[in-house]
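Enquirer: What follows is a predicted structure for the sequence shown.
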Amino acid sequence: MDIVDRVRQMGIIPVVNIPRLEHALPLAESLIGGGLPCAEVTFRTAAAAESMMEIRARVPEIFLGAGTVLTTDQAETAINSGAQFIVSPGTNPTIIDYCLSKGVTIFPGVCTPTEVEMALAKGVDVLKFFPAEPMGGVKFLKAICAPYRQVRFIPTGGIDPGNLGQYLALTQVVACGGSWMVKPELMNAGEFDRIRQLVKEAVELVNELREVESQN
């Protein structure tokens, strides 16, 4: 199963800002306990790289990615820390070239036709649509999908249980990125049982949405 197939299987990619290294293992265990063994660890905190290494070493079954990758140095660090895929908020040709040279899947961020075409020029056709809700949400994404039927998207930014189904119903959406179940304040409060419950509810919601879609 390739990276894109694994992302599609998950349906949701938990987008995680890990405040401190000590949160890495409890978080990974909560994700597995909730039935979603996947994490996009963002490089928005100083603990990102060490947390990824800790998760990769101690919980190897986690499908692990790195997000908010803004430089090739960060991409290198992420790959060396165990990232199986890279996510960037924008379409930076230098970062795309670097990841492709290393044989690592990258999902660059796009929110305009020009950025879509920049990614396509690099041979990348599975893209992060970001920031999804502020850019116009499902309505805007439908408009983007129309001329780019070969492109698939991972909407991220403002996704929650209330609008998840609208995105997943689009045939060109592979999965959605979401952080509502893994918020830093929950980690800081040590509420990993709550994280596990929210993750479980998210997985159940994806399964319900897919079952309804298959009946239509």
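Expert: The structure has been received and is ready for your questions.
Enquirer: contacts, neighbours, all on C-alpha from now
Expert: Noted.
Enquirer: check which helix or strand covers L127.
Expert: Applying DSSP states H and E as the criterion places L127 in strand 126-129.
Enquirer: distance between whatever helix or strand comes next after that strand and the chain's centre?
Expert: Once the chain leaves strand 126-129, the next helix or strand it forms, by DSSP H and E, is helix 137-145. Relative to the mean C-alpha coordinate of its chain, helix 137-145 is positioned 19 Å out (C-alpha atoms, centre = their mean, to the nearest Å).
Enquirer: So which elements touch the very next helix or strand once past helix 137-145?
Expert: Next along the chain after helix 137-145, taking DSSP H and E as the criterion, comes strand 152-155. Packed against strand 152-155 by the contact rule (3 or more C-alpha pairs under 8 Å, 6 or more residues apart in numbering; DSSP states H and E) you find strand 126-129, strand 176-178.
Enquirer: Run the chain-centre distance for the last one.
Expert: Just to be clear, that refers to strand 176-178. 6 Å.
Enquirer: Check which element follows that strand along the chain.
Expert: On the C-terminal side of strand 176-178, the nearest following helix or strand under DSSP H and E is helix 184-188.
Enquirer: In that following helix, which residues are buried?
Expert: Residues of helix 184-188 classed as buried: 184, 187 (neighbour count, 16 or more other C-alpha atoms under 10 Å).
Enquirer: Pull out the buried positions in the helix or strand that comes right after it.
Expert: Later in the chain than helix 184-188, the nearest helix or strand by DSSP H and E is helix 192-215. Across helix 192-215, burial judged by 16+ other C-alpha under 10 Å covers 192-203, 205-206, 209.
Enquirer: ok, and what's touching helix 192-215?
Expert: Residues lying outside helix 192-215 but in contact with it, judged by C-alpha atoms under 8 Å, 6 or more residues apart in numbering, are 11-12, 26-27, 30-31, 33-36, 161, 165, 168-169, 181-182, 186.
Enquirer: Which of these fall in strands?
Expert: Assignment to strands by DSSP state E places the following of those there: I12.
Enquirer: In PyMOL, how would I select just the buried ones from the contacts of helix 192-215?
Expert: The PyMOL command for the buried members of the contacts of helix 192-215 (criterion: 16+ other C-alpha under 10 Å) is given here:
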select buried, resi 11+12+26+27+30+31+33+34+35+36+165+168+181+182
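Enquirer: burial of F130, as a residue count?
Expert: A count of neighbours around F130, defined by other C-alpha atoms under 10 Å, yields 24.
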